[in-house]
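Trainee: below: sequence and its predicted model.
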Amino acid sequence: MSLFSTHPIRTVLFIKALLVLFVVSMFSCNNSGYYPKPRGYLRINLPEKNYRQFDSVFPYRFEYARNARLNFEGLNPKNKYWMNIDYPRFKGRIHISYKPVNNQNLYQFTEDARAMAFKHASKAIRIKESFFNDPAKKVYGLAYKIDGRDAASPYQFYLTDSTHHFIRGALYFNVVPNNDSLQPIIDFVLEDVKHMVRTFEWKE
């Protein structure tokens, strides 16, 4: 004889319990009202954009941010016309290297610059290339925007007049790579780099 026929009260309680469990399970599985929140980061107050010109005995000139600092310390004397553009507040640095060009070495310089940028490919989501072309000022070049949370250098570039001069620039931050939290600072400094390129000139 079945349980349902011999114990009617127990049967009713059993059915009610099953109904309660069914309703509870239905509501617990319905998470349509829940949305995962993005990871939060501290808000960074960025300074206003303001620039000054670098113009010295170097064979090039450009404008750079007033909140940045030109740094020539610790550079090898053999590496003439090299410099660092430091952002002390952000622990950032744009490393600038210079090399004279002749008919044989320009291709090698551009390939070296490309290789240095693609060293970060293993940590990158993508590497986007963009060209610079200003025939009036004889400034030609290529930039590599390196996107990726753990990429050590988010931006690298080179500029040349194709006959006499070549510079390479690379942006680094002296912090543990986490470009999700650094992104506002990266974007801020990239505006300065692009301004530098727009105002860049070779000196005859």
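Mentor: Looks like it arrived, so ask away.
Trainee: so residue 63 touches residue 53, yeah?
Mentor: Yes - using CB atoms under 8 Å, residue 63 is in contact with residue 53, at 5.2 Å. For every residue, glycine as well, the C-beta is placed using N, CA and C.
Trainee: what residues do these two have in common as contacts?
Mentor: Shared contacts of residue 63 and residue 53, defined by CB atoms under 8 Å, 6 or more residues apart in numbering, are found at residue 199.
Trainee: okay, these two: which has more neighbours?
Mentor: residue 63 (17 against 11; other CB atoms under 10 Å).
Trainee: and the spatially most central residue of the chain, what's its pLDDT?
Mentor: The centre of the chain sits closest to residue 154, judged by CA atoms, centre = their mean, with a distance of 3.3 Å. Turning to residue 154, the model gives it a pLDDT of 92.
Trainee: got a list of what it touches?
Mentor: Neighbouring residues of residue 154 by CB under 8 Å, 6+ apart: 145, 146, 147, 171, 179, 182, 186, 190.
Trainee: now swap in residue 105 and tell me
Mentor: Taking CB under 8 Å, 6+ apart, we find residue 105 in contact with residue 99.
Trainee: ditto for residue 110
Mentor: Counted by CB under 8 Å, 6+ apart, residue 110 has contacts 142, 158, 160.
Trainee: ok, residue 61 next?
Mentor: Residue 61 neighbours (CB under 8 Å, 6+ apart): 53, 54, 55, 200, 201, 203.
Trainee: what's across from it in the sheet?
Mentor: The partner list for residue 61 in beta bridges (DSSP bridges) reads residue 201.
Trainee: cool, the one 4 residues further on as well?
Mentor: With DSSP bridges as the criterion, residue 65 is bridged to residue 51.
Trainee: surely it and residue 192 touch.
Mentor: Yes - Residue 65 lies in contact with residue 192 (CB under 8 Å); the separation is 4.5 Å.
Trainee: which neighbours do these two share?
Mentor: In the contact map built from CB under 8 Å, 6+ apart, the residues linked to both residue 65 and residue 192 are 49, 51.
Trainee: so what are the structural domains in this structure, by residue number?
Mentor: Structurally, the chain divides into domains by automatic domain parsing as follows: 1-30, 51-202.
Trainee: most neighbours per residue, which of these?
Mentor: domain 51-202 (a mean of 16; mean count of other CB atoms under 10 Å).
Trainee: end-to-end on it?
Mentor: Criterion CA to CA, to the nearest Å; first-to-last residue distance in domain 51-202 is 19 Å.
Trainee: next one: phi and psi at the closest residue to residue 89 other than its chain neighbours?
Mentor: Computed as CB to CB, 6 or more residues apart in numbering, the closest residue to residue 89 that is not its neighbour in sequence is residue 67, at 7.0 Å. With angles defined as degrees, to the nearest 10, residue 67 sits at phi -80, psi 0.
Trainee: state the pLDDT value of residue 67.
Mentor: According to the prediction, residue 67 has pLDDT 94.
Trainee: I'd guessed it sits against residue 85; true?
Mentor: No - taking contacts as CB under 8 Å, residue 67 lies outside contact range of residue 85: 10.7 Å.
Trainee: what does the helix or strand harbouring residue 95 contact?
Mentor: Assignment of secondary structure by DSSP states H and E places residue 95 within strand 92-100. With CB under 8 Å, 6+ apart as the test, strand 92-100 has contacts from 58-60, 68, 71, 79-87, 105, 109, 164-174, 185, 189, 193.
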